[in-house]
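> Can you look at this prediction? I've put the sequence above it.
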Amino acid sequence: MELWLVMALLVLNLLILVLVVWLVLRKPVQDDGRAELLSSMALGHDKLERELRREIEGSARASRQELATSFANFQQALVQQSGEAIRTQNTQIDAFGQQLALLQKTLSDTLVTQLQSVSESNARRMGEVRDTLEKQLAQLQLTNSAKLDEMRKTV
């Protein structure tokens, strides 16, 4: 609405200016009312020019205010979107941390199971080695006893 008003005032101002130029360039007539008409038109032109400037200033001020409001809204939207992105990333990082903890626990449990299996296997082998050594030691003792008895008989 303001732009329409400004344009209308501008067109009216141009029409008055063309009329004043036409009156000045026209052949002089012996009319005394002409000077009075020119001065009243000049006053009207000045008044119209002041009004037009005032409207343009008001329109520019309103445009600046609207632009400032738009920038503030844009900034607020950016801040809000950034906050949402940060929250989403934090959620993803938390989920990744939970998955990593679960994977670490699974790996730890697997290692414990394997270590227990190796320990049991080693204990079983050590038991077998012990049994074998005890049998061989017992057999060696028997053999040594028999040889000692035989040596005593010969001596």
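Arrived safely. Numbers count the residues shown, from 1 in each chain.
> So, low pLDDT: which residues of the chain?
1, 27-32 (pLDDT under 70).
> hey, where'd the helices end up in it?
2-25, 33-154 (DSSP state H).
> Out of these, which one sits most buried?
helix 2-25 (a mean of 12; mean count of other Cβ atoms under 10 Å). For every residue, glycine as well, the C-beta is placed using N, CA and C.
> Could you report the separation of residue 143 from residue 136?
Using Cβ to Cβ, to the nearest Å, residue 143 is found at 10 Å from residue 136.
> now do residue 106
Taken as Cβ to Cβ, the span from residue 106 to residue 136 is 45 Å.
> And residue 90, by the same measure?
68 Å.
> can you check residue 110 too?
For residue 110, the distance to residue 136 - Cβ to Cβ - is 39 Å.
> next one: residue 115
31 Å.
> can you check residue 81 too?
For residue 81, the distance to residue 136 - Cβ to Cβ - is 81 Å.
> go on, residue 112?
36 Å.
> what do you get for residue 53?
121 Å.
> just residue 100 next, same as before
For residue 100, the distance to residue 136 - Cβ to Cβ - is 53 Å.
> ok, now residue 3?
From residue 3 to residue 136 the distance is 114 Å (Cβ to Cβ).
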